[in-house]
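>>> make a model of this:
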Amino acid sequence: MQIITSLKNPKVGEAVRLMDRRRREETGLFLIEGVRELSLAIKSGIKLLRLFYCEELFKGDDEREMIKTALKQGAELLPVTLNVFKKMVYREGSFGLLAEAEQFKIELKDISLAAPPLLIVVESAEKPGNLGAILRSADAAGADGVIVCGKGADIYNPNVVRASMGALFTIPVVESTAEEAIGWLKDKGITILAATPDADVNYFDADLSGTCAIVMGSEHEGLSNVLLKAADIKVMIPMKGKADSLNLSTATAVILYEAVRQRREKNALKI
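Residues are numbered from 1 along each chain as shown. Predicted coordinates for the structure are as follows:
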């Protein structure tokens with residue numbers, strides 16, 4: 001198999017163009033970097049079309065096993081030089097693996113709800129890295145899913161994929177409008193809990209042990225009036241510092257794990 005040495009190679013160029021959202025939307029493809037991310041993607045049924053790899057960056061046998069798995073799945077294998085690979089990836093730490101994959105579509109009706117349900121709604125996340133980190137927290141906390149809405153939302157952004165560390169593929173992540181999300185949550189009888197600095201209730205004083213959708217807005221603009229008006233409960237995170245706010249992903253994790261704590265405590269009292 002001939003190694004690709006030029007950035008002008010058309011297949012390399014096509015992969016690089018997938019860094020752009022418009023190109024991702026036109027092709028229905030996106031990029032996945034790294035062994036862990038690719039492994040979780042394949043286990044969740046994501047279809048890999050091409051796998052670029054650079055053996056100089058391999059750290060062990062996992063990378064070679066991933067190549068074998070991708071080949072069995074029917075992906076085209078494309079070895080590249082170190083210089084070419086570094087120009088293709090979003091950031092370091094992908095250990096020599098980069099794949100083009102087909103985008104997947106999950107709808108609200110596809111979310112399987114636990115009893116009681118625990119969901120996260122993220123509106124207009126400004127930074128893709130924050131959205132990716134929220135997906136990691138949702139996966140770690142055992143949330144039923146994450147609903148992404150509002151302007152700028154793009155779960156296929158390379159930084160979302162990388163920052164999620166593969167959580168994008170382990171929990172349901174749905175892109176929808178705020179109105180669609182509200183209608184679905186109301187229909188399911190799920191309490192909408194909106195985080196806003198204008199609330200009068202601290203998050204740890206609210207009952208998060210029942211059905212709950214934690215709704216978080218952008219750091220700059222907060223939540224839209226549509227979601228604020230739909231909220232059953234509004235809570236705030238008390239802050240004593242002088243900075244404007246907590247990072248969005250950190251604020252989400254704080255409230256999310258309070259819900260986990262309350263649920264665990266409630267279950268312990270039932271025993």
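
>>> C-alpha only now, for contacts and for neighbours.
Fine.

>>> just the helices from the stretch 1-150 of the chain, written as ranges.
10-17, 21-27, 35-43, 62-73, 82-88, 128-141 (DSSP state H, counting those that start in this stretch).

>>> in a markdown table, list those helices along with distance to residue 199 and mean pLDDT.
Converted to a markdown table, the helices of the stretch 1-150 of the chain look like this (distance: least, CA to CA, whole Å; pLDDT from 0 to 100):
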| stretch | distance to residue 199 | mean pLDDT |
| --- | --- | --- |
| helix 10-17 | 43 | 96 |
| helix 21-27 | 35 | 96 |
| helix 35-43 | 38 | 94 |
| helix 62-73 | 48 | 93 |
| helix 82-88 | 45 | 94 |
| helix 128-141 | 22 | 96 |
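
>>> most tightly packed of these?
Comparing the helices of the stretch 1-150 of the chain by mean neighbour count (mean count of other CA atoms under 10 Å), helix 128-141 ranks first with a mean of 23.

>>> so which elements touch that one?
Contact here means 3 or more CA pairs under 8 Å, 6 or more residues apart in numbering; DSSP states H and E; on that basis helix 128-141 packs against strand 145-149, helix 158-163, helix 248-270.

>>> on that earlier part again, closest one to residue 94 among the helices of the stretch 1-150 of the chain?
Closest to residue 94 of the helices of the stretch 1-150 of the chain is helix 35-43 (CA to CA; 7.1 Å).

>>> tell me what that closest one is packed against?
helix 62-73.

>>> ok and the helix it packs on relative to helix 35-43, angle-wise?
20 degrees (axes from the mean of the first three to the mean of the last three CA atoms, to 10 degrees).

>>> outline the domain layout of this structure.
10-102, 108-270 (automatic domain parsing).

>>> now stretch 196-214: how far from the chain's centre is it?
Relative to its parent chain, stretch 196-214 has a centroid offset of 23 Å by CA atoms, centre = their mean, to the nearest Å.

>>> in that stretch, what's buried?
196-197, 201, 203-204, 206, 208-214 (16 or more other CA atoms under 10 Å).

>>> let's have the residues you listed in CSV, adding pLDDT.
Shown next, in CSV, are those (pLDDT from 0 to 100):
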residue, pLDDT
196, 95
197, 90
201, 96
203, 97
204, 96
206, 97
208, 97
209, 96
210, 96
211, 96
212, 97
213, 98
214, 98
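
>>> related to what we said a few turns ago, what's the closest of the domains of the chain to residue 2?
It is, among those and with distance given as CA to CA, domain 10-102, at 7.3 Å.

>>> just for this protein, where's the confidence low?
Along the chain, the model assigns pLDDT under 70 to residues 243-245, 269-271.
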